[in-house]
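K.L.:
Let me see the structure of the following:
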Amino acid sequence: MGDSGKMEREVPGHSLSSHVRLNDAKGCNHLMLGSPSDCCVLYKSFVTVLLSTESLVRIQRQSKGQQRRTTQERQAKHSTGTYAQEKRTPQTLSSQPHSGPQPIMSFCTAIEMTSLIIAKSGSLKSHILAPIRWHAGWYLYLLLACLMPPCVGQFAGPGCHFRTLRARGFYRSGDIQIGGVFPLHVDWVRYQVSFETEPAPITCRTFVFQNYLWLQALVFAIEEVNRNPDLLPNVTLGFQIYDSCADLMQSLLGTLWMMTGQERHTANYRCHISSSLAGIVGDAGSSSSILMARVLGVYRQPQISYFSTIPLLSDRNQFPSFFRTIPSDDVQFRGLAQLALQFHWTWVGLLAEDNDYGQHGIQVFQTELHKAGACVAFLEYIILSKPDRNANHIVQVIRNSTANAIIMFGLDSRIMPLLDELVKQNVTGKVFIASEAWSTSALLSVEQFRDLLSGTIGFTIYSGEMLGFAEHFNSVHPTNFSNDIYLREFWETAFRCEWQDHEVLKGSLNSQTKRCTGAERVDSVTGIYNDIISPRVTFAVYRAVYAIVLALKDMYLCKPGRGPFHQRTCANIFNFQPWQVRFYLVSIHR
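P.N.:
Below you'll find the model as predicted:
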C-alpha cells in the first residue's frame, strides 16, 4: 500500500455508511463495450484500487495508539465491518454470472462509492491518488463515464436508438465489394436549420449525364472481371455506387455507407455479412477526396481517385491509403504558366473555384508567372456556395480589365453560370486557358458558347482504350438496370423527356417536356460521344477498378508459408483486412 509513513497520518473523515448510497448505477451502459464481460475486465483491472482505498479508510480510522492486531483478528474484524455486504474482489467477481448489465452496474456502484469518499474526505485525496497515479487516466475516464447520463450505446432498455442519416445508392452483391463515389449531380439545396425540427437532408439537383459515364465505367470493369476466369476465379465482385452531389457532406455520408454496409450507417461498425470492401473509387473533386481520405486513412481502407489532382494528396503521412490514376497538378499548373509565357501573355487574369483545387492552382501558377516576370491583372474566385457562382461580379471585373488572356481552374459544371453571364453581357475577345478539369468539356462544342470559347487552349488528360465499352453503354436501359436508381434521371436529362410515373426535380424540365418512351437510343445522345470513343476521366475510373483487382489477384495467388504478413502468412481472399489490400496496392503503385 505504498509509503507506510503516509499510512499513519490521520484522515479527517465521516461515517462512510452515512455517505455511501448503493443505488442501481446505470452509467456503464453507455461505455459502448462489446459485452458486459468487457466491462468486467475493466472492473478487475481497477478492483485493486478500490480495495486499496477501502483499506486506507479503514486503517486511518484506527486509533494511533492501537496495537497491530493479528492476521486472524483483522480478518474477523473485516467480516463484520461496514463493507462486508459490499465486498468485491477479482475472485468473487469472476464467480458472478455475467447476465445483462448487472456486473457493469456493480462496477459503477463501486465507482460511486469511491467518488463519494474522495469528495467527502479532504486530506484523503493525496493518499488515494498516490497508489493509483498510473491508473489515473483510465480511472478518471471510467469515473466520468459512470456519472454521465446514458447515451446511444446502451446495451438495452428504452431510449436506446441511433440517430443517423440514411444513404442510398446503386448496389450489386458479390463476394467482394468495390465502392464508387461520383458527382452525378453538381448542385444541391441545403435547407436552413431552425433548430426547432430535425434538419432535412440536402436535395441534389442539376444531373450531369456526362458524369454518368464514370459510373458505367466502374460497372463495365467489374462485369468484365467477373467474366474473366483468369483474374479472380471463383470470386464474384460486387459494387456500391454513391452520388456525392459534389458536396462534402454527401461524399462523407457515402463513404460511411460503404464502410458499414447499411443505409443507416454507424461509424466504426462493419455490417457486411458475406462480403468485404476492397476499396473505394472516388471522388472526382479534390476537396471531397481529401475529406474521404482523412476518414479512410484511419482504417487503411484503400481509396483511388480518378480526377483529384491536388498535390497535397500525395502526402503519405497525411493520406496513407490514398492513390490515384491521374497525375498531380504540380506539373500541369507549371505547364500552363509556361504555355501562357510561350504566347507572350505576361498580363493575365486568373479565375478559380474557391476550394482546395482552385486555390492551390492559383498559388502555383502565380509563383511560376512571377519567376518569369509576368504579372496578374486580376484574381477572382468562383464562389461555389452561391447559386450564380458570383458570376455578375466576375464578368464586370473581366469587362473592365485590359488582360486578354484568362486562366480558369474549375469543373465545367461549376463554371457554366459564369459562361452564361459572359454570353449574356456579350463579352468577347478573350482567350481562355483551360485546366484539365474542363479542357475537353462538351461546353466547347455548344453553339451557345462558340464565339466566347473559340480559341481556348489547355492541357488534357491522356485517353485510353476500353474495348467493348461503347457496346456496354449502348445497352444501358431502365429495363436492364432496374436497381440503378440514377438511370431514370440520366434518361430524362439526356433525352429531355419525363417518365410518366417518375417525378423529376422541380425546375429541371419545363411543362412542355415530352414523355420518355424507352425507345430512345443512348448512342444518339450528343455531348458524350467523344467520352465513349476516346475516354479520359472515364478511362481513369476503369484503371482504378483494375488497380484494386490486380491487388486482389496478388492476394489470391499468395502461397501459405510464403506470404508477406506475420510469420509468412497470407490474407484470406474472402475475409481480408483493408490494410492487406493496401499492401498489395502499394506494390502495384511502385
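K.L.:
In contact with the closest residue to Leu248 other than its chain neighbours, which residues?
P.N.:
Excluding the flanking residues, the one nearest Leu248 by Cβ to Cβ, 6 or more residues apart in numbering is Leu291, at 5.3 Å. Where you see a C-beta, it was placed from the backbone N, CA and C, and this is true even at glycine. For Leu291, the contact set (Cβ atoms under 8 Å, 6 or more residues apart in numbering) comprises Leu248, Ser251, Leu252.
K.L.:
Enumerate the positions of stretch 546-563 that are buried.
P.N.:
Using 16 or more other Cβ atoms under 10 Å as the test for burial, stretch 546-563 gives Tyr546, Ala547, Ile548, Val549, Ala551, Leu552, Lys553, Asp554, Met555, Tyr556, Cys558.
K.L.:
quick one on the thing from earlier: between the contacts of Leu291, which is nearest Ala340?
P.N.:
Closest approach between those and Ala340, by Cβ to Cβ: Leu248, at 31.4 Å.
K.L.:
For burial, what's the neighbour tally of that closest one?
P.N.:
Around Leu248 there are 17 other residues, counting by other Cβ atoms under 10 Å.
K.L.:
which residues of the stretch 101-250 of the chain score low on pLDDT?
P.N.:
Residue ranges of the stretch 101-250 of the chain with pLDDT under 70: 101-167.
K.L.:
How about the chain?
P.N.:
For the chain, the stretches with pLDDT under 70 are 1-167, 261-274, 502-512, 590.
K.L.:
how does it divide into domains?
P.N.:
4-147, 170-327+467-486+543-589, 329-458 (automatic domain parsing).
K.L.:
how long is the shortest one from one end to the other?
P.N.:
Using Cα to Cα, to the nearest Å, the end-to-end distance of domain 329-458 comes out at 13 Å.
K.L.:
ditto for the longest one
P.N.:
Domain 170-327+467-486+543-589 has an end-to-end distance of 29 Å (criterion: Cα to Cα).
K.L.:
As a check, name the ranges of all strands in the stretch 351-500 of the chain.
P.N.:
Along the stretch 351-500 of the chain, the segments classed as strands by DSSP state E, counting those that start in this stretch run 375-382, 405-409, 431-434, 457-458, 497-498.
K.L.:
Quick one: the ones you listed as CSV, columns for mean neighbour count and distance to Gly563 too.
P.N.:
Below are those laid out as CSV (neighbours: other Cβ atoms under 10 Å; distance: least, Cβ to Cβ, whole Å):
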stretch, mean neighbour count, distance to Gly563
strand 375-382, 17, 50
strand 405-409, 24, 45
strand 431-434, 22, 48
strand 457-458, 17, 47
strand 497-498, 19, 55
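K.L.:
right, and these - which one's nearest Arg515?
P.N.:
Checked against Cβ to Cβ, the stretch from the strands of the stretch 351-500 of the chain lying closest is strand 497-498, at 6.1 Å.
K.L.:
Mind giving me the packing neighbours of that closest one?
P.N.:
The contact analysis (3 or more Cβ pairs under 8 Å, 6 or more residues apart in numbering; DSSP states H and E) places strand 497-498 against strand 514-515.
K.L.:
May I see the buried residues of the helix or strand following the strand it packs on?
P.N.:
Toward the C-terminus, strand 514-515 is succeeded by helix 529-533 as the next helix or strand (DSSP states H and E). Across helix 529-533, burial judged by 16+ other Cβ under 10 Å covers Asp531, Ile532.
K.L.:
Following the chain past helix 529-533, name the next helix or strand.
P.N.:
With DSSP H and E, the next secondary element past helix 529-533 is helix 537-556.
K.L.:
Who are the packing partners of that following helix?
P.N.:
Using 3+ Cβ pairs under 8 Å, 6+ apart, helix 537-556 sits against strand 176-182, helix 212-227, strand 276-281, strand 303-305, helix 529-533, helix 578-589.
K.L.:
With distance to Gly464 as added columns, please give those in a markdown table.
P.N.:
Shown next, in a markdown table, are the helices and strands packed on helix 537-556 (distance: least, Cβ to Cβ, whole Å):
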| stretch | distance to Gly464 |
| --- | --- |
| strand 176-182 | 18 |
| helix 212-227 | 11 |
| strand 276-281 | 16 |
| strand 303-305 | 15 |
| helix 529-533 | 12 |
| helix 578-589 | 17 |
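K.L.:
Let me know which of those is the nearest to Trp438.
P.N.:
Evaluated with Cβ to Cβ, the helices and strands packed on helix 537-556 place helix 529-533 nearest to Trp438, the distance being 13.2 Å.
K.L.:
Packing partners of the closest one?
P.N.:
Partner elements for helix 529-533 (3+ Cβ pairs under 8 Å, 6+ apart): helix 469-474, helix 537-556.
K.L.:
Can you get me a residue count around the residue nearest to Leu453 when sequence neighbours are not counted?
P.N.:
Using Cβ to Cβ, 6+ apart and skipping residues adjacent in sequence, the residue nearest Leu453 is Leu444, 5.6 Å away. Neighbourhood size, Leu444 [other Cβ under 10 Å]: 17.
K.L.:
Would you mind measuring from Leu444 to Thr206?
P.N.:
Distance, Leu444 to Thr206, using Cβ to Cβ, to the nearest Å: 19 Å.
K.L.:
Thanks again, I'm all set now.
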